[in-house]
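Provided below for reference: sequence and predicted model.
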Amino acid sequence: MSRSTGGPGRDGAATRFGFLGAVALWKEDGEVRLATRRSKTVMARLLLSPGQLVSVDSLVDGLYGEHPVKSARNQIHRGVGELRQQGVRIVEQDGSYLLNTPTEVIDAWRFKSLTDSARAAAQLRDRSRLLREALEVWRGPALAGLDSQVFRAAAEEWEERRLTALQERIGADLTLGDHNDLIPEIRRLTGEHPMREHFSWQLMTACYRAGRTGEAIAAFTRLRAELAEQLGIDPSPELRHLYEQILRQEPVPTEEAPVPRQLPPRPLKIIGRSWELERIRAALERGSRTVAITGASGSGKTTLALEAAHGSAELFPDGHLYNTEPDDVLPGMLRALGDTRVPKRQDEQNGRLRTLLASRRILIVVENVASAAQVRSFLPACRECALIVTSRSSLSSLREAVQITLGGLSVDDAWALLADGMGAHRLAAEPVAAHRVIELCDGLPLALDIIAAKLAAKPHWDVATLAARLEDRDRILSELRHDDLDIRAALDSGYLGLSPEAGALLRRIGYFGNQEVSIEDASRLAEVSPAEAEWRIEALVDARMLTVSGMESGGRFTYHCPTMVLAHSRERALAEDQVAELDAAVGRVLTGMGDSTGLH
């Protein structure tokens, strides 16, 4: 059930919201005073997730942190009521709340829109102007006066965005030649943020280009002393290189190196995978250059990679590169790093990329790689950079990488994911059906996300209804589709990457319909020798289409085909193969025709 109150019409230009400073609400006749802390807190938490449902528990966390009072939930309801009295449209659905307003009337999202436009601007003056407009949106520290953990974390994130925009605006102005005018501002920023080396880079560059070499050298000397005293480290290689150029009176770059920020938005929430996240973070902190995340389609590789990348972003102040098209990785990264003349030969692209990365600390995330050889073609040579790759295929031969292999979620984590999306009370009311849904989805996060979204959109369905629909092998893939989430599309991507021989065997396994498959079964289905069948079946294991389930008395492994892979491969078989050939293949297995050891 959902309801919305709060005055006629939808929020538009007459109502604006802000949290880049103290939390604020403005109407046509000026700022509206929010009288209570609870109403400010409720509005702030809703503003952080515009257009999304926010649970009462999340609102309680924002108001009270780890120590809520007994009346906490009642206080939240009263805060919502106070906002509605001011004409704020808040939708209530299944015990959660949603702020019903377009993002363009929220100051933080206007700031983000302006910075995005600035980064896409072709002209430096347009970039500088748009970044200035974005920075003028700020009225003070984000979420000023709110000190619970959720707001402290959000404030730090938005402050990082502000400082990044400020660096980019100064960089554009430096390139435009405003050296003398910029020096006082950058000097103040290096005092306020002494550990943020990029401001020191900009101060040294501005001073040197303005003919004030001594001040440029002094800026480096101060930073070096402070880093040694506070952290026991030296300035970055990039800064040391600039210092040496200045000492030798060499020309410094006429255009500041671009700072790429290509990571997609951070996942709103990740459930489970805490061990994997800790392992990736530890690897990046100790200087491991490569992390390989592999797993079946729908296992959450992208979510894990993005969460890990955002969680470690501060370790890489010189930027973050992201690519989902491995065939375009090298040219794409070169363009992002400011190289407008990309070489045609791959070996020249490799050399150019390693040169550009040599003095920087950059994190690279590349999705959907096909092989370890492909990864090596863009593996950074310097220890200061790091690479996170995802793949459906095994990358075990990439020995320099920290290997993270994803399967389905544990039952507890899968339950938590469903409960977060559709409500814990609905699961608790039908525990047997809920566990059956988790089993049929093989614990895969994508499938579970689809289930949670579908049941949240259909409160009149019970869990058992959907479980029964999933039991039908000819229906399960159609049921696992909701809005832009589609398990069939994910399985298509994995299937299309198979060799013709492995794909043909998988289709016959799907048509056969048995989840447990032996080498002998595969040999008869494909009408090939056991050795050839084993080679094909192991290719399917490498592609995460099958898993090893046990061992027969003769020492050969047996294999398991997950529910959704079995349904998908059956669909493919009916679409691509002759039914007579499929029936003959199944008949060979059922009758034991032709001793499989004698097939050639």
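In hand now; what should we look at?

so after the least confident helix or strand in the chain by mean pLDDT, what's the next helix or strand?
Lowest by mean pLDDT, DSSP states H and E among the helices and strands of the chain is strand 2-5, with a mean of 42. Per DSSP states H and E, the first helix or strand lying C-terminal to strand 2-5 is strand 16-18.

Give the rounded mean pLDDT of whatever helix or strand comes next after that following strand.
Proceeding N to C from strand 16-18, the next assigned helix or strand is strand 24-27, under DSSP H and E. For strand 24-27, the mean pLDDT works out to 92.

After strand 24-27, which helix or strand is next?
The C-terminal neighbour of strand 24-27 among helices and strands, as given by DSSP H and E, is strand 30-32.

And the contacts of that next one?
Ala24, Leu25, Trp26, Gln86 (C-beta atoms under 8 Å, 6 or more residues apart in numbering). C-beta: built from backbone N, CA, C; applies to glycine.

10 Å - rerun?
For strand 30-32, contacts defined as C-beta atoms under 10 Å, 6 or more residues apart in numbering pick out Thr15, Arg16, Gly18, Ala24, Leu25, Trp26, Leu83, Gln86, Gly87, Val88.

Would you map the helices across the stretch 201-350 of the chain?
213-230, 237-247, 274-285, 301-311, 329-336, 346-357 (DSSP state H, counting those that start in this stretch).

With the stretch 501-600 of the chain instead?
519-526, 530-542, 563-576, 579-591.

Can you name every helix or strand that the longest one contacts?
This means helix 563-576. Counting contacts by 3 or more C-beta pairs under 10 Å, 6 or more residues apart in numbering; DSSP states H and E, helix 563-576 is packed against helix 431-440, helix 445-457, helix 463-471, helix 476-479, helix 487-496, helix 500-512, helix 579-591.

Return the residues in contact with Ala567.
If a contact means C-beta under 10 Å, 6+ apart, then Ala567 has 440, 470, 472-478, 480, 487-488, 491, 510, 513, 561 as its contacts.

Give the rounded mean pLDDT of stretch 397-415.
In this model, stretch 397-415 carries a mean pLDDT of 92.

what stretches of the stretch 301-450 of the chain score poorly on pLDDT?
For the stretch 301-450 of the chain, applying pLDDT under 70 flags the ranges 338-341, 359.

Identify the residues contacting stretch 113-129?
The contact list for stretch 113-129 (C-beta under 10 Å, 6+ apart) reads 103-104, 130-137, 161-162, 164-165, 168-176, 178, 255, 258-262.

go with 7 Å
Stretch 113-129 has contacts (C-beta atoms under 7 Å, 6 or more residues apart in numbering) with Leu130, Leu131, Glu133, Ala134, Ala165, Arg169, Ala172, Asp173, Thr175, Leu176.

picking up where we left off before, and the furthest pair within the contacts of strand 30-32?
Largest separation among those by C-beta to C-beta: Gly18 and Gly87, giving 16.0 Å.

Need the helices and strands packed on helix 563-576 in TSV (columns: distance to Val329 and mean neighbour count).
Listed next are those as TSV, based on distance: least, C-beta to C-beta, whole Å; neighbours: other C-beta atoms under 10 Å:
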stretch	distance to Val329	mean neighbour count
helix 431-440	36	18
helix 445-457	24	22
helix 463-471	37	18
helix 476-479	31	18
helix 487-496	17	18
helix 500-512	25	22
helix 579-591	39	14
